[in-house]
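Undergrad: Here is a sequence together with a model predicted from it:
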Amino acid sequence: AQSVAQPEDQVNVAEGNPLTVKCTYSVSGNPYLFWYVQYPNRGLQFLLKYITGDNLVKGSYGFEAEFNKSQTSFHLKKPSALVSDSALYFCAVSVANNLFFGTGTRLTVIP
Amino acid sequence: NAGVTQTPKFQVLKTGQSMTLQCAQDMNHEYMSWYRQDPGMGLRLIHYSVGAGITDQGEVPNGYNVSRSTTEDFPLRLLSAAPSQTSVYFCASRPRTGSVYNEQFFGPGTRLTVL
């Protein structure tokens, strides 16, 4: 069965420091992986996706993610965090007509 | 483009009442879906549709009905509301072509409380 795990409920990082939000997945077949961000009282916004090819994927707002097949991971990264990056981040895997989400990681960037 | 729109934004129901959550999109997307978001559980798929006249169940379909008479609209009906249906509901859409690769576009959500 397919599943996504986000092991950290909360990540705190100082403004200007690099950030990482972790995600691991379990799926049979090729993984199609996504990151979404949710700001307070808003819907989810797409950040980036991995379908095939280069293991380092670049997305919106300076975010990138690294796909690691051997570790079944798809960690979200940003070299220098901004206070405006504070939000709830979801990792997801697409399987047929369903998108399976992790439980979310709340990122707080401290000024 | 308005994208994906949902109404109402907030709703309070009493146990046993019924209601319809509205969802519309103006991007001509074939695929539409409904998710519920609960604390500590991420988003879970309720129902989805791959085109007008075609609907199917997701992970948590019990207590909900859907229909898809047009490409644009995908309403979600709560037949007899229960407190366990207190949640935030999101509608989403994506193009069907290459669908497993495509990101979904989400509406702003409906926050439902069942007393």
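TA: Alright, I've got the coordinates.
Undergrad: Now for residue 27, how many residues are close by?
TA: In the absence of a named chain, this looks at chain A. 17 (other Cβ atoms under 10 Å in any protein chain shown). Every residue, glycine included, has its C-beta placed from N, CA and C.
Undergrad: My question was about chain B, not that one.
TA: Neighbours of residue B:27 under the rule other Cβ under 10 Å: 14.
Undergrad: Who are the contact partners of it?
TA: Listed by Cβ atoms under 8 Å, 6 or more residues apart in numbering or on different chains, the contact partners of residue B:27 are B:1, B:3, B:4, B:93, B:95, B:105.
Undergrad: For PyMOL, write the select line for the buried members of those residues.
TA: A single PyMOL command selects the buried members of the contacts of residue B:27 (16 or more other Cβ atoms under 10 Å in any protein chain shown):
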select buried, chain B and resi 4+93+95+105
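Undergrad: So residue A:93 sits against residue A:31, correct?
TA: Yes: at 5.8 Å, residue A:93 and residue A:31 qualify as touching, with contact defined as Cβ atoms under 8 Å.
Undergrad: Common neighbours of those two, please.
TA: Residues touching both residue A:93 and residue A:31 (Cβ under 8 Å, 6+ apart): residue A:25.
Undergrad: Now residue B:70: closest residue in space, sequence neighbours ignored.
TA: Excluding the flanking residues, the one nearest residue B:70 by Cβ to Cβ, 6 or more residues apart in numbering or on different chains is residue B:52, at 5.9 Å.
Undergrad: What about residue A:20, how many residues nearby?
TA: Residue A:20 has 14 neighbours, counted by other Cβ under 10 Å.
Undergrad: Please give me every residue in contact with it.
TA: By Cβ under 8 Å, 6+ apart, the neighbours of residue A:20 are A:11, A:75, A:76, A:77.
Undergrad: out of those residues, which are buried?
TA: Buried subset of the contacts of residue A:20 (neighbour count, 16+ other Cβ under 10 Å): A:11, A:75, A:76.
Undergrad: Please settle this for me: is the last one part of a strand?
TA: Yes: counting by DSSP: H, G, I helix; E, B strand; the rest coil, residue A:76 is found in a strand.
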